[in-house]
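Q: fold the following and give me the result.
(one chain, ligands or ions: 2)
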Amino acid sequence: MSTQMATGLSKSAITENIMVGFIGAGRMAQAMAKGFISSGLVRAGNITASDNNQQCLQILQDLGANTTRKNQEVVTKSDLVVLAVKPHIVQPVLREVAPIVKSDTLFVSIAAGVTIESIESNLPAGTRVVRVMPNTPALVSAGASVLTKGTTASDTDSELVKALLSSIGICEEGSESYLDAVTGLSGSGPAYAFVAIEAMADGGVKQGLPRELALKLAAQTLLGAAKMVLETGKHPGQLKDEVCSPGGTTIEAIASLEKSGFRGALIDAVEVATLRAHALGAKK
Ligand SMILES: NC(=O)C1=CN([C@@H]2O[C@H](COP(=O)(O)OP(=O)(O)OC[C@H]3O[C@@H](n4cnc5c(N)ncnc54)[C@H](O)[C@@H]3O)[C@@H](O)[C@H]2O)C=CC1
Ligand SMILES: O=C(O)[C@@H]1CCC=N1
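A: Ligands and ions are numbered 1, 2, ... in the order given. As a prediction, this is how the structure comes out:
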C-alpha cells in the first residue's frame, strides 16, 4: 500500500487518534494489537480490550493497552471495535453491547464464518460493519487478510481497516462470498505450513540431522520458497522445475509426494476448512 491513502491523508493521519477496541483478547486480538502498536499506527493507550480471562488481559496490559472485563466499556470508549471472540460468542456479545452502540462506531469482525448480515442484524440499523479474515502470522508482521465492507460501511472505513491490517501483513479487499474459502486457505493455512515444517524437520532428523538444525532448515526453506513465489512472479510449477535436475534428487522426492497424494491432500484440507467455516456461520 502506498503511504498516501485514497482519501489523500497519510495512514498515520487517519489512525493517529483513533480509539480501537477488542472484544476478546485472545490470540488474534493480541497479534493485531501488537502489530498496530509496533507499526506506530495506533497508540497503545488508545486501545481498550475486554475479556473474561485475566491472563489474556495481562498480555494486552503489558503492551500498554487498557483492559476491562466489561464489553460495553470497550464499545463506549472505541471508534472501531474488533469482534475477536469465537464465532459462537459473536451473537451473544452483539446482543449485550447493542443497546449502547453509538451511530458512529465501526465494527470489524474477524470471526470465521459469521456473516455480515448476521452481525448487522444484531446491531442498531445502519451500524457500519467490516468483515475480515486475518491469520496468525500477523504476530510477526507477515499476516494475510481479506476484508469485505458491510452494507453501510464506506470506502473510508475499508481504507482505515486496510491501513491497520497492512501494518501486520498484506490486506486485500474481496467479495464476502470469498471469505469462507479465504478462511480455509490463509486463515487456517499457517497450521498446514507448521505441519509441513514439522514433518520436513522429522525427515531431516530421520536422516541423522540434529533436531535444531533440521527445524531451522525446514522453516527457512518454506520462508524462502514463499518469498520466491511472491517476489519473482514466476509460477510455482516453474520454480519447482528449476529445483528438479534431470535424474536428480528432487524429482525422486516429487514423484514420491505425488504418489502419496500431497497435492490432493492440500486441496482437500482447504475444502474441508472452507466447509467448516460455512457451517460455523450457519450456527447462530
Ligand atoms: N486463531 C486464528 O488463527 C484465527 C482466528 N480467527 C478468528 O478470530 C476469533 C478469535 O480467535 P482466537 O483469537 O484464536 O481465539 P481465542 O480463544 O484465543 O480468543 C478468544 C477470546 O475471547 C474471550 N471470550 C470468550 N467469551 C467472551 C465474552 N463473552 N466476552 C469477551 N471475551 C470473551 C476468551 O476468553 C478468549 O480469550 C475467532 O472468531 C476466530 O474464528 C480468524 C483468523 C485466524
Ligand atoms: O480454526 C479456526 O476456526 C480459526 C479460523 C481460522 C483460523 N483459525
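Q: for the residue most central in space within the chain, which non-adjacent residue is closest in space?
A: Closest residue to the average C-alpha location of the chain: Pro134 at 1.5 Å, with C-alpha atoms, centre = their mean. Distances taken as C-beta to C-beta, 6 or more residues apart in numbering put Ser145 closest to Pro134, at 4.2 Å, once the chain neighbours are dropped. The way it works is simple: take the backbone N, C-alpha and C, and place the C-beta from them, glycine included.
Q: am I right that the residue nearest to the centre of the chain is in contact with Ser167?
A: No - Pro134 lies out of contact with Ser167 (C-beta atoms under 8 Å); the separation is 11.6 Å.
Q: what number of residues lie near Leu215?
A: 18 (other C-beta atoms under 10 Å).
Q: how about Gly35?
A: A count of nearby residues for Gly35, using other C-beta under 10 Å, gives 24.
Q: so it: helix, strand or coil?
A: helix (DSSP: H, G, I helix; E, B strand; the rest coil).
Q: mind listing what it touches?
A: Ala138, Leu139, Ser141, Gly143, Ser167, Ile168, Gly169 (C-beta atoms under 8 Å, 6 or more residues apart in numbering).
Q: most neighbours, which of those residues?
A: Ile168 (27 neighbours).
Q: need the pLDDT of it.
A: Ile168 carries a pLDDT value of 92.
Q: returning to what we had before: mind putting the contacts of Gly35 in JSON lines, secondary structure and distance to ligand 2 included?
A: Formatted as JSON lines, the contacts of Gly35 follow (DSSP: H, G, I helix; E, B strand; the rest coil; distance: C-beta to the nearest ligand atom, whole Å):
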{"residue": "Ala138", "secondary structure": "helix", "distance to ligand 2": "11"}
{"residue": "Leu139", "secondary structure": "helix", "distance to ligand 2": "13"}
{"residue": "Ser141", "secondary structure": "coil", "distance to ligand 2": "18"}
{"residue": "Gly143", "secondary structure": "strand", "distance to ligand 2": "12"}
{"residue": "Ser167", "secondary structure": "coil", "distance to ligand 2": "20"}
{"residue": "Ile168", "secondary structure": "coil", "distance to ligand 2": "15"}
{"residue": "Gly169", "secondary structure": "strand", "distance to ligand 2": "14"}
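Q: which pair in the residues you listed spans the largest distance?
A: Spatial extent of these (C-beta to C-beta) is set by the pair Leu139 and Ser167 at 12.4 Å.
Q: how many neighbouring residues does the closest residue to Leu139 other than its chain neighbours have?
A: Among residues not flanking Leu139 along the chain, Ala31 sits closest, at 4.0 Å (C-beta to C-beta, 6+ apart). Here the number of neighbours of Ala31 (other C-beta under 10 Å) works out to 22.
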